[in-house]
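A.B. asks: no FASTA, just this:
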């Protein structure tokens, strides 16, 4: 009797763990989309690790600016990269905020981000795929690999938070 109860409890615990692993990323994305649709910046901000996202974007954009400057043969690219790098911190700090993230999601969904504007169109679930990074994270990628880029999520306890954005390789071409 005791052995059967222990076995059933272990099986139930295993089932809960597998269910969390499979469905929690989808649940997080659903909650984020609902918050963006409702223009609930605080609800959306709860799913974002702003310090990690800012650092990730600064790093991605720095690399992209330097790479773009190297490809420019006129010399103006180096000047542009220097100016861009000088302004990068200020721009990223202003963009990566609850209001900035809400505008980004609304734009991605094709909606009007202004208060009282029409709600963004629903993005189809077939427009993205989830790529796992073990138990520590996952990436949301477009189904069409030519679109590039990804949203990077990291685990915080049993929740997921947006911690990075991988820009497409040709983002600045």
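C.D. replies: On my side now, so go ahead. Quantities reported herein were computed from a predicted structural model and do not represent experimental measurements. Numbers count the residues shown, from 1 in each chain.

A.B. asks: max-length helix in this structure?
C.D. replies: In the chain, assigned by DSSP state H, the helix with the most residues is helix 2-37.

A.B. asks: can you tell me the average pLDDT over stretch 11-26?
C.D. replies: Across stretch 11-26, the average pLDDT comes to 87.

A.B. asks: any chance you could list what contacts it?
C.D. replies: Stretch 11-26 is contacted from outside by 130, 135, 138, 140, 153, 158, 159, 160, using Cβ atoms under 8 Å, 6 or more residues apart in numbering. Using the backbone N, CA and C atoms, a C-beta is placed for each residue, glycine as well.

A.B. asks: try 10 Å
C.D. replies: 27, 30, 125, 130, 132, 134-135, 137-140, 153, 155, 158-160 (Cβ atoms under 10 Å, 6 or more residues apart in numbering).

A.B. asks: from the residues you listed, which one has the minimum pLDDT?
C.D. replies: The member of the contacts of stretch 11-26 with the lowest pLDDT is residue 125, at 49.

A.B. asks: okay, and the beta partners of residue 48?
C.D. replies: Applying DSSP bridges to residue 48 gives these bridge partners: residue 162.

A.B. asks: for it, give its distance to residue 86.
C.D. replies: 26 Å (Cβ to Cβ, to the nearest Å).

A.B. asks: looking at those two, which is more packed in?
C.D. replies: More crowded of residue 48 and residue 86, by other Cβ atoms under 10 Å: residue 48, with 18 against 9.

A.B. asks: surely that one touches residue 152?
C.D. replies: No - the criterion here is Cβ atoms under 10 Å, and residue 48 misses it with residue 152 at 11.4 Å.

A.B. asks: show me what counts as buried in stretch 43-63.
C.D. replies: Within stretch 43-63, the residues scored as buried using 16 or more other Cβ atoms under 10 Å are 43-45, 47-50, 52-54, 56-58, 60-62.

A.B. asks: let me fix that: stretch 61-72
C.D. replies: The neighbour-count check on stretch 61-72 (16+ other Cβ under 10 Å) flags 61, 62, 64, 65, 68, 69 as buried.

A.B. asks: run through the helices of the chain in chain order.
C.D. replies: For the chain, applying DSSP H gives helices covering 2-37, 41-45, 50-71, 76-95, 98-108.

A.B. asks: by mean pLDDT, flag the weakest helix or strand of this protein.
C.D. replies: The helix or strand of the chain with the lowest confidence, counting by mean pLDDT, DSSP states H and E, is helix 98-108 at a mean of 67.

A.B. asks: center of the protein, which residue is that?
C.D. replies: Centroid-nearest residue in the chain: residue 151, 3.2 Å away (criterion: Cα atoms, centre = their mean).
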